[in-house]
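# this is a predicted model, with the sequence first.
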Amino acid sequence: MSETLNPFAIDADTLSGMKPLRPVVLSLGSNLGDRLANLQGALMALRETPDLFIVDVSSVWETKPWSSPEQAEGEGRDVSQDPAFLNVVVLAETNQEPLTMLDRTMAIEDAFGRTRGEANAPRTLDVDLIVMGKVEMDQPALQLPHPHAHERAFVLAPWVEIEPKADLPGHGPIQDLLAKVDSSTVKRREDLALED
Ligand SMILES: Nc1ncnc2c1ncn2[C@@H]1O[C@H](COP(=O)(O)OP(=O)(O)OP(=O)(O)O)[C@@H](O)[C@H]1O
Ligand SMILES: Nc1nc2c(c(=O)[nH]1)N=C(CO)CN2
């Protein structure tokens, strides 16, 4: 039988260059400067990121500065007097590699005046990668899933709002995780929203 030409066929080279789309969850926070404008700008920059497709954005949440239990017990910075954060969670899909995404999110932080000093210091913009599909990484530059996500109400509450059935790999359903953390530290700001 003679071979017919299929105009929709994808050749082998193209196919091997195609990377799978992975779901990605990002946490955005700001507690310095014009917090809402910083989050809005970061969302626009994410929308302009090649090969990153925004699927959903949570409400804006006002959240108390969080620090790890060790830090709260006196090792490290006392964040209790720091200004409150505004936080949102963004769901997206990407075929970028995790470290490429990290480069991009750090460049976005820099563009919004982020300075890097002490851990948990007030910041104009923080963009954390929470999960990227099933990727597991444990390098200083990038840990996936984010090692503190399961204990952070400021991540879990906005995430549950837009993806209630999600699981955090290694920890289970995010609704159950949210039930275990102190939700009195986070409050949805019904008067605020990010624009598309
Ligand atoms: N999942 C991740 N998302 C973002 N950055 C990460 C992640 N895993 C490791 N990092 C690394 O963490 C470094 C410090 O980040 P950052 O200054 O934002 O820390 P932090 O916000 O004070 O604390 P935390 O990382 O607990 O949110 C970054 O340079 C980045 O390379
Ligand atoms: N409420 C709140 N607390 C934090 C936040 C944040 O975004 N929101 N980010 C931190 C470092 O990533 C540390 N603590």
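Thanks, I have the structure now. Numbers count the residues shown, from 1 in each chain. Ligands and ions are numbered 1, 2, ... in the order given.

# please verify my assumption that residue 129 contacts residue 97.
No. At 11.7 Å, residue 129 and residue 97 do not qualify as touching, with contact defined as C-beta atoms under 8 Å. In this view, the C-beta of every residue, glycine as well, is placed from N, C-alpha and C.

# if you count what's nearby, which of those two comes out ahead?
Neighbour count, other C-beta atoms under 10 Å: between residue 129 and residue 97, residue 129 has more, with 21 against 14.

# tell me which element the more buried one falls in.
Element membership for residue 129 (DSSP states H and E) is strand 126-132.

# give the contact list for the residue lying closest to residue 82 once chain neighbours are set aside.
Nearest residue to residue 82, sequence neighbours excluded (C-beta to C-beta, 6 or more residues apart in numbering): residue 65, at 4.3 Å. With contact set as C-beta atoms under 8 Å, 6 or more residues apart in numbering, residue 65 has these partners: 31, 79, 80, 82, 83, 84, 85, 120, 122.

# quick one: residues contacting the fourth one.
Applying C-beta under 8 Å, 6+ apart to residue 82 gives the contacts 31, 65, 122.

# cool, the last one as well?
With contact set as C-beta under 8 Å, 6+ apart, residue 122 has these partners: 31, 32, 65, 82, 83.

# what's the farthest-apart pair in those?
Distances among the contacts of residue 122 were taken as C-beta to C-beta; the most separated pair is 32 and 65, at 11.1 Å.

# any shared contact partners between these two?
83, 122.

# next, the residue of the chain found nearest ligand 2: phi, psi?
Of all residues in the chain, residue 29 sits closest to ligand 2, at 2.4 Å by C-beta to the nearest ligand atom. Backbone torsions of residue 29, given as degrees, to the nearest 10, read phi -140, psi 150.

# go on, residue 57?
Torsion angles, degrees, to the nearest 10, at residue 57: phi -130, psi 130.

# would you format the contacts of residue 122 as a markdown table with distance to ligand 2 and pLDDT included?
Listed next are the contacts of residue 122 as a markdown table, based on distance: C-beta to the nearest ligand atom, whole Å; pLDDT from 0 to 100:
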| residue | distance to ligand 2 | pLDDT |
| --- | --- | --- |
| 31 | 7 | 96 |
| 32 | 11 | 95 |
| 65 | 5 | 95 |
| 82 | 8 | 93 |
| 83 | 10 | 95 |
